[in-house]
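Chemist: Output the structure for:
(chains A, B, C and D)
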Number of protein chains: 2
Amino acid sequence: MGKPNDLVQGTLDLLILRTLANQPKHGWAIAKRIQQISKEVLQVQQGSLYPALHRLEQQGWITAKWAESETGRQAKFYRLTSHGRKQLERETANWKRLSGAINLVVSEA
Amino acid sequence: MGKPNDLVQGTLDLLILRTLANQPKHGWAIAKRIQQISKEVLQVQQGSLYPALHRLEQQGWITAKWAESETGRQAKFYRLTSHGRKQLERETANWKRLSGAINLVVSEA
DNA sequence: CAGGATACCTTGACTATCTACACATCATTG
DNA sequence: CAATGATGTGTAGATAGTCAAGGTATCCTG
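Modeler: Numbers count the residues shown, from 1 in each chain, chains lettered A, B, ... in the order given. Below you'll find the model as predicted:
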């Protein structure tokens, strides 16, 4: 596999959903935005991104529509559904729960 | 596989190393301690624990020795090596880097 | 003597991610 | 005008970490 250097496994869905929460974006823009906001720490590979998007679409958490991008090219825009919004809440809560627990252990007395 | 409900994938090594940093422990005690410190949030399954311990041993980050446990039974005690201590530092730093980056995205304006 | 806790471990399956490709369009540059 | 790099979509194969479920054995308690 090549263990994830640039990603914490299991958090990609959360990152994508969160990135789409503000406004619909195409895949390329999603990856760029995650990278930018995380200050270049998180790098989403295409081989991770597109399977993830298809997965999320199949779950009904996002929908896709072809449209014109900012640069005037055809691109697939993904939008969060209401189900997706709930899933985002669940995943956010779960992340806080787990990362908090790990931090407890890491900073253990 | 069943995606990890009780663990964030890739953090088990960190958790184990950190738990061993204070004092040597046997496998069972490691799992119990992680569970206890994380307030029952993190559950380390045995099918995850023992392969991880063998992995860490092979990497030279921990060493194993048979000894008598608190309950008077034979148990394999794992101890952190100096290499393991360095690895713990690396993994701790990496965890902070990545979890911090994720938190940036999650709390994105 | 049955049952539960302690303690070790393995096997098989699954899934997320990675690396590496393949394809296409557009803008810039030599 | 050809090459290059950025944008944009996607797939194929490999790998590793985790889980579920099992096995073995000892000790203590009722």
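Chemist: Contacts (any at all) between DNA strand C and whichever helix or strand residue A:21 is part of?
Modeler: Assigned by DSSP states H and E, residue A:21 belongs to helix A:12-22. Yes. Applying CB under 7 Å from any atom of the strand, one finds that helix A:12-22 is in contact with DNA strand C at A:12-13. Bear in mind the C-beta positions are built from the backbone N, C-alpha and C, glycine included.
Chemist: Number of residues surrounding residue A:9?
Modeler: Residues within reach of residue A:9, counting by other CB atoms under 10 Å in any protein chain shown, total 15.
Chemist: How about the residues of chain A by chain B?
Modeler: By the rule CB under 8 Å from any CB of the partner chain, the part of chain A lying against chain B is A:3-4, A:7-11, A:14-15, A:18-19, A:22, A:34, A:37-39, A:41-42, A:92, A:95, A:97-106, A:108.
Chemist: Restricted to buried residues, select these in ChimeraX.
Modeler: To isolate the buried members of the residues of chain A next to chain B in ChimeraX, using 16 or more other CB atoms under 10 Å in any protein chain shown:
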select /A:4,7,8,10,11,14,15,18,19,34,37,38,41,42,92,95,98,99,101,102,105,106
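Chemist: give the contact list for residue A:27.
Modeler: A:49-50, A:53, A:75-76, A:78 (CB atoms under 8 Å, 6 or more residues apart in numbering or on different chains).
Chemist: let's see 7 Å
Modeler: Residue A:27 is in contact with A:49-50, A:53, A:76, counting by CB atoms under 7 Å, 6 or more residues apart in numbering or on different chains.
Chemist: before we move on, what about residue A:68?
Modeler: Contacts for residue A:68 were tallied using CB under 7 Å, 6+ apart; they are residue A:74.
Chemist: again, 8 Å this time
Modeler: Remark: with contacts taken as CB under 8 Å, 6+ apart, residue A:68 is in contact with A:74-75.
Chemist: Any figure for the gap between it and DNA strand C?
Modeler: Computed as CB to the nearest atom of the strand, to the nearest Å, the residue A:68 to DNA strand C distance reads 10 Å.
Chemist: Against chain B, how distant is that residue?
Modeler: According to CB to the nearest CB, to the nearest Å, residue A:68 and chain B sit 25 Å apart.
Chemist: and what of residue A:64?
Modeler: Residue A:64 is 21 Å from chain B, by CB to the nearest CB.
Chemist: And for residue A:12?
Modeler: 10 Å.
Chemist: which residues does that residue contact?
Modeler: Taking CB under 8 Å, 6+ apart as the criterion, residue A:12 is in contact with A:44, A:48-49, A:52.
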